[in-house]
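1. got a sequence here, can you model it:
(one chain, ligands or ions: 2)
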Amino acid sequence: MITMKDIIREGDPILREVASEVDLPPSEENKETLEEMLQYLKNSQDEQICDRYNLRPGVGLAAPQIGLSKRMLAVHFTDFNEKLYSYGLFNPRIVSHSVEKAYLTSGEGCLSVDREVPGYVPRYARVTIKATDLEGNEVKLRLRDFAAIVFQHEIDHLNGVMFYDHIDPDNPFKEPENAKPLD
Ligand SMILES: OCN(O)CCCc1ccccc1
Ligand code: NI
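-> Ligands and ions are numbered 1, 2, ... in the order given. A predicted model of the protein is given here:
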């Protein structure tokens with residue numbers, strides 16, 4: 001079971017590496033790892049389990065955050081329209097995106113960052129993702145708004161990018177150009 005002691009915190013160079021593609025079809029080991037990452041997210045959103053094991057709730061998790069420089073990510077959340085997104089993905093990539101940007105007015109956080117870093121994180125408002133899922137199937141996801149934000153946050157981790165890299169250091173709460181606020 002993944003708990004907070006397994007989560008790599010900022011300062012560890014692995015969070016700044018470009019993670020390696022995994023071989024397909026995925027190995028049993030990589031499938032088990034991705035299942036564990038997905039289970040962490042579900043556990044972290046269950047009040048009893050979360051309290052019992054002192055987990056930080058998370059809507060996504062990328063393999064570098066548990067010390068594996070592999071292009072694997074898990075997400076588990078419902079978006080503003082109550083649509084459930086629950087995926088373990090291998091080799092996810094953004095194949096197209098909108099010009100328009102979007103940002104969470106609440107800013108972002110990260111399980112690997114034990115501090116608040118205030119400011120708007122401008123991201124693409126809409127992205128199309130291609131990846132291989134836990135069953136070994138090629139998936140194509142067209143995402144917008146909160147779902148697009150979460151997936152971009154996770155894919156950033158596979159490229160050594162942290163959410164605060166996108167915050168304007170001179171004016172963290174400046175309205176980003178051509179971007180829509182998401183409350
Ligand atoms: O990498 C996952 N993680 O650190 C957990 C938080 C994920 C997340 C938080 C705010 C907005 C988008 C995504
Ligand atoms: Ni993160």
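
2. for the spatially most central residue of the chain, what are its contacts?
-> Centroid-nearest residue in the chain: Glu154, 2.5 Å away (criterion: Cα atoms, centre = their mean). Residues in contact with Glu154 (Cβ atoms under 8 Å, 6 or more residues apart in numbering) are Gly60, Leu61, Ala62, Leu73, Val75, Pro92. Every C-beta, even on glycine, is put in place using the N, C-alpha and C of the backbone.

3. can you rerun that using 10 Å?
-> Listed by Cβ atoms under 10 Å, 6 or more residues apart in numbering, the contact partners of Glu154 are 59-63, 65, 72-75, 87, 89, 92, 129.

4. repeat that for Arg115.
-> Counting by Cβ under 10 Å, 6+ apart, Arg115 touches Arg9, Glu10, Gly109, Tyr164.

5. which ChimeraX command selects the buried ones in these?
-> In ChimeraX, this line selects whichever of the contacts of Arg115 come out buried by 16 or more other Cβ atoms under 10 Å:
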select :109,164
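
6. kindly reformat the contacts of Arg115 as JSON lines containing secondary structure, pLDDT and distance to ligand 1.
-> JSON lines is the format used below for the contacts of Arg115 (DSSP: H, G, I helix; E, B strand; the rest coil; pLDDT from 0 to 100; distance: Cβ to the nearest ligand atom, whole Å):
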{"residue": "Arg9", "secondary structure": "coil", "pLDDT": "98", "distance to ligand 1": "11"}
{"residue": "Glu10", "secondary structure": "coil", "pLDDT": "98", "distance to ligand 1": "10"}
{"residue": "Gly109", "secondary structure": "coil", "pLDDT": "98", "distance to ligand 1": "5"}
{"residue": "Tyr164", "secondary structure": "helix", "pLDDT": "98", "distance to ligand 1": "11"}
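
7. good, we can wrap up now.
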